[in-house]
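*Asks:* coordinates for the following, if possible.
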Amino acid sequence: MAGKAAFPNNAQVEHPKFGCGTVLSCDDSYVVIKFDDHGERKFVSSIVIPNLKSIERQMPAHGRKQARKPRTKKVAGAVG
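*Replies:* Residues are numbered from 1 along each chain as shown. Here you go, the predicted model:
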């Protein structure tokens with residue numbers, strides 16, 4: 001694997017166990033991938049690269065929080 005990295009940064013990949021994710025970094029030693037459902041994982045390149053499949057999709061907006069409904073306090077009913 002000397003020279004060019006197997007996957008460029010922001011490449012979209014699929015792993016058989018962790019599913020779809022985005023490559024954060026890739027070099028001769030390690031590959032760091034942020035998976036949609038399993039967070040960030042660091043792998044030994046020589047082990048994981050044969051198991052990764054490049055996929056065509058738009059990069060998901062990681063870290064974007066969805067709008068939440070405002071919380072309302074429950075008020076105890078009057079007794080009497």
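*Asks:* from here on, contacts and neighbour counts on C-alpha atoms
*Replies:* Noted.
*Asks:* now His15, nearest residue through space, not along the chain?
*Replies:* Nearest residue to His15 in three dimensions, chain neighbours excluded: Leu52, at 5.1 Å (C-alpha to C-alpha, 6 or more residues apart in numbering).
*Asks:* how many residues are close by that neighbour?
*Replies:* For Leu52, the tally of surrounding residues (other C-alpha atoms under 10 Å) stands at 16.
*Asks:* confirm for me that it is in contact with Gln12.
*Replies:* No: applying C-alpha atoms under 8 Å, one finds Leu52 not in contact with Gln12, separated by 9.8 Å.
*Asks:* contacting residues for the spatially most central residue of the chain?
*Replies:* In the chain, the centroid-proximal residue (C-alpha atoms, centre = their mean) is Phe35; its distance is 2.2 Å. Counting by C-alpha atoms under 8 Å, 6 or more residues apart in numbering, Phe35 touches 18-22, 41.
*Asks:* now do Phe18
*Replies:* Contacts of Phe18 by C-alpha under 8 Å, 6+ apart are 35, 37-38.
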